[in-house]
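> from the sequence below, what's the structure:
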Amino acid sequence: MAEPRDTIELYVRVRYAETDAMGVAHHTSYIVWFEEARSEFFRQIGGDYAKLEQRGIALPVAELTCRYIAPARYSDRVVVKTRLKEVRSRSMSFSYEVILQETGERLATGMTKHICIDSEVQARLIPPEVRALLRS
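Numbers count the residues shown, from 1 in each chain. The predicted model follows:
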């Protein structure tokens, strides 16, 4: 089954540094994977987050959830599926699904919501060119 155009897949091998003493991926690793997948999503649609920051525009996380279903372990290959859920005038949200590549088992699901701010840390409209990229 083909993924919707607004979904990307990021492949990650669980690194030793991401695990606890039992070899299980630490809960914070999932948040890092979400961030990397979101960055890859932005790159794949033609966005350049560094250029936005140079213009004084940022998209910080305003809300985050993660539901842990089953553990990822050291050296597992996981797929982080990232989907743009919603774009509003000043915010956007993404959903995530972490899947064990070998078996297809769902390990976690999550969501992040981002607010657009300027260099004065004031909420602002998402720039039109970014909205166009996100809606394409």
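> quick one: the helices in the chain?
27-44, 49-54, 128-135 (DSSP state H).
> now the shortest one, how far from the centre of its chain.
Spelled out, it's helix 49-54. Helix 49-54 sits 17 Å away from the centroid of its parent chain (C-alpha atoms, centre = their mean, to the nearest Å).
> so which residues make contact with it?
By C-beta atoms under 8 Å, 6 or more residues apart in numbering, the surrounding residues in contact with helix 49-54 are 39, 42, 58-59, 127, 130. Placement of C-beta: from N, CA and C, glycine included.
> only the buried residues of that helix, if you could.
Leu52 (16 or more other C-beta atoms under 10 Å).
> do the first one as well
Of the residues in helix 27-44, 29-31, 33-34, 37-38, 41-42 count as buried by neighbour count, 16+ other C-beta under 10 Å.
> let's see that helix as PDB, backbone CA atoms only.
Below are the C-alpha coordinates for helix 27-44, written out as PDB (Å, rounded to 0.1, in the frame of the first residue of the first chain):
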ATOM      1  CA  HIS A  27      12.100   6.800  26.100                       C
ATOM      2  CA  THR A  28      13.800  10.100  25.100                       C
ATOM      3  CA  SER A  29      15.300   8.400  22.000                       C
ATOM      4  CA  TYR A  30      11.900   8.400  20.400                       C
ATOM      5  CA  ILE A  31      11.600  12.100  20.800                       C
ATOM      6  CA  VAL A  32      15.000  12.500  19.000                       C
ATOM      7  CA  TRP A  33      13.800  10.200  16.200                       C
ATOM      8  CA  PHE A  34      10.600  12.300  15.900                       C
ATOM      9  CA  GLU A  35      12.800  15.400  15.500                       C
ATOM     10  CA  GLU A  36      15.100  13.900  12.900                       C
ATOM     11  CA  ALA A  37      12.100  12.500  11.000                       C
ATOM     12  CA  ARG A  38      10.400  15.900  11.000                       C
ATOM     13  CA  SER A  39      13.600  17.600   9.800                       C
ATOM     14  CA  GLU A  40      13.800  15.000   7.000                       C
ATOM     15  CA  PHE A  41      10.200  15.600   6.100                       C
ATOM     16  CA  PHE A  42      10.900  19.400   5.800                       C
ATOM     17  CA  ARG A  43      14.000  18.700   3.600                       C
ATOM     18  CA  GLN A  44      12.000  16.300   1.300                       C
END
